[in-house]
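1. my questions are about this predicted structure, shown below with the sequence.
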Amino acid sequence: MSAVPPESTQQAVGYPSLFLLVVLGSLVPVVPTGALVSSAAVVAFNQTAPFSLLLVFGVAALAAFLGDIGLYWLGSRGADSRNGSRRLDRLRERATPERLETARRRLDEHGVAVLVVSRLLPAGRIPVMLACLLAQLPIRRFLKGDAPACLAWAAAYGLIGILSGSLFAEPWEGVVAVVALTVVISATPSVWRRVTSRRAGAS
């Protein structure tokens, strides 16, 4: 009986894990899904198996799309109910009034095309999704804009992983670099808001 090749084992475990974690991260916006996709792209870049990078891209985009469907559906139920829902309240807590107002304005100006930009910007997805919910945007229209947004998001973070994988000799070095980079990118908006609010309060 022949041993299972290491790459086959990684794929058998890695792709389902990536799918589940990205879905979870879309539903519960605390999981660093961008770092997960970029790390998976680093590993795939260093594999000899054909189409590994395409599989990472496809799995990530599909998982993000399904997660967004679930979150939007849950939010729609909360918006339609008389007492609201805990899920919708949690979404409101994660979106500052300023970012929500900006998302509403951009949604009015550009329609669902703004979903693509919101997916690529750190902390941009939730305010735009919340603006769509409060505007009672039909879920079919939301999904038409969200599908290309998820594709662009998976491609962007996959490209980050490919670039990191090409810069380092060992896959683990690329994974560490990707995680550090995505953490910095994700934290930058919140740090900037805190700095500007402190400056405004001091003036």
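-> That came through fine. Numbers count the residues shown, from 1 in each chain.
2. show me what the helix or strand Arg77 falls within is packed up against.
-> For Arg77, the element it lies in under DSSP states H and E is helix 52-80. Identification of packing neighbours for helix 52-80 by 3 or more CB pairs under 8 Å, 6 or more residues apart in numbering; DSSP states H and E yields helix 6-27, helix 33-45, helix 86-94, helix 125-134, helix 139-167. In short, each C-beta sits where N, CA and C put it, glycine included.
3. quick one: residues contacting Phe19.
-> Val59, Leu62, Ala63 (CB atoms under 8 Å, 6 or more residues apart in numbering).
4. please name the nearest non-neighbouring residue to the last one.
-> Once flanking residues are discounted, Ala63 sits nearest to Val22: 3.6 Å by CB to CB, 6 or more residues apart in numbering.
5. nearest residue to Ser52 other than its sequence neighbours?
-> Leaving aside its chain neighbours, Ser52 sits nearest to Ala44 (3.7 Å; criterion: CB to CB, 6+ apart).
6. ok so, going back, tell me which residues of the helix holding Arg77 are tucked away?
-> 52-53, 55-57, 59-69, 71-72, 74-76, 78-79 (16 or more other CB atoms under 10 Å).
7. what pLDDT does Leu107 get?
-> Per-residue pLDDT puts Leu107 at 81.
8. just Ala187 next, same as before
-> Ala187 is assigned 56 on the pLDDT scale.
9. same thing with the one 10 residues further on?
-> The predicted local distance difference test score for Ser197 is 56.
10. helix or strand with the lowest mean pLDDT in the protein?
-> Scoring the helices and strands of the chain by mean pLDDT, DSSP states H and E places helix 171-202 at the bottom, with a mean of 60.
11. what residues sit buried inside stretch 142-151?
-> So stretch 142-151, judged by 16+ other CB under 10 Å, has buried residues Phe142, Leu143, Gly145, Asp146, Ala147, Pro148, Ala149, Cys150, Leu151.
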